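In: Based on what follows, work out the 3D shape:
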Amino acid sequence: MNNRHAHWENVFETKSPDEVSWTEEYPKTSFEFICKLSSNTSLPIIDIGGGDSRLVDYLLDKGYTDISVLDISEKALLRAQKRLGERSKKVQWFASDILDFKPQREYAIWHDRASFHFLTKSEDISFYTDLVNRWVKKHLIVGTFSTKGPSKCSGLPITQYSCDTLADNFKEAFSLLECKPFLHRTPFNTEQNFVFSSFRKKI
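Out: Numbers count the residues shown, from 1 in each chain. Prediction:
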């Protein structure tokens, strides 16, 4: 178990959803970005760093039938599976560090609100970018802390992004469709500045 893995397993073992900053009862921005990109509910979607997020609940409610969730913390995924009950069997679950993930298929929509901004080394950012270039066939959605947001999350350093720097990072294979700021209110009533971008794969 690497240090990053151990950190997140400890977080999800010791803290409830209302004790961590990222919890959203309704992940409105992520859900609306996904629905806006395609009305085809059979397209394969993966949520990177999904943890015990409720995004998967809303996607299932909407009728999406090919959903995958990846998170470094197996405990987080088990939480989500317990919450979903029998519906969890409709989802593919991957307990993996994104830097160790070896996809076996392409994804039409790749959503990440929780993983990308934790990559702070240039080689790790490049690895991630190469990964989506190879395995995303239609759309990419990335939500990160903005340049007005925190410099750390859960005690770990993060990389802040703007619309321009996100577009620049993924410009080799993706065209920017939309980018907007998002003010997230945490369960303990503080505010965090995010930026959300959606991209289309270049032909």
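In: any idea which helix is longest in this structure?
Out: Taking DSSP state H as the criterion, the chain has its longest helix at helix 122-135.
In: Show me what it is packed up against.
Out: strand 107-112 (3 or more Cβ pairs under 8 Å, 6 or more residues apart in numbering; DSSP states H and E). In short, each C-beta sits where N, CA and C put it, glycine included.
In: Now do the helices in the protein.
Out: Counting by DSSP H, the helices of the chain are 3-14, 28-37, 55-62, 74-84, 122-135, 163-169.
In: Now render these as TSV, adding distance to Arg200 and mean pLDDT.
Out: Converted to TSV, the helices of the chain look like this (distance: least, Cβ to Cβ, whole Å; pLDDT from 0 to 100):
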stretch	distance to Arg200	mean pLDDT
helix 3-14	31	71
helix 28-37	8	94
helix 55-62	20	96
helix 74-84	29	93
helix 122-135	12	98
helix 163-169	12	97
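In: Adding mean neighbour count and distance to Pro44, write those out as TSV.
Out: Formatted as TSV, these follow (neighbours: other Cβ atoms under 10 Å; distance: least, Cβ to Cβ, whole Å):
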stretch	mean neighbour count	distance to Pro44
helix 3-14	15	25
helix 28-37	18	12
helix 55-62	19	12
helix 74-84	17	18
helix 122-135	15	10
helix 163-169	16	23
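In: Which one, of those, ends up nearest to Thr147?
Out: helix 163-169 (8.3 Å; Cβ to Cβ).
In: quick check, distance from the closest one to the centre of its chain.
Out: 17 Å (Cα atoms, centre = their mean, to the nearest Å).
In: what does stretch 136-143 give?
Out: For stretch 136-143, the distance to the chain centre is 10 Å (Cα atoms, centre = their mean).
In: Kindly report the same for stretch 69-84.
Out: With Cα atoms, centre = their mean as the basis, stretch 69-84 stands 13 Å off its chain's centre.
In: Quick check, central residue of this structure?
Out: Centroid check for the chain by Cα atoms, centre = their mean gives Asp112 as the closest residue, at 2.3 Å.
In: And it, what's its pLDDT?
Out: Listed pLDDT for Asp112 reads 96.
In: quick one, what contacts it?
Out: Taking Cβ atoms under 8 Å, 6 or more residues apart in numbering, we find Asp112 in contact with 47-49, 141-143.
In: try Ile203
Out: Contacts of Ile203 by Cβ under 8 Å, 6+ apart: none found.
In: That one and Ser88: what is the separation?
Out: Remark: distance between Ile203 and Ser88 (Cβ to Cβ, to the nearest Å) = 36 Å.
In: got it, and Ala95?
Out: Look at Ala95 and Ser88: by Cβ to Cβ, they are 14 Å apart.
In: Repeat that for Arg79.
Out: Distance from Arg79 to Ser88, counting by Cβ to Cβ: 11 Å.
In: now swap in Lys121 and tell me
Out: 34 Å.
In: Cys163 now?
Out: Distance, Cys163 to Ser88, by Cβ to Cβ: 35 Å.
In: And stretch 128-146, end to end?
Out: 19 Å (Cα to Cα, to the nearest Å).
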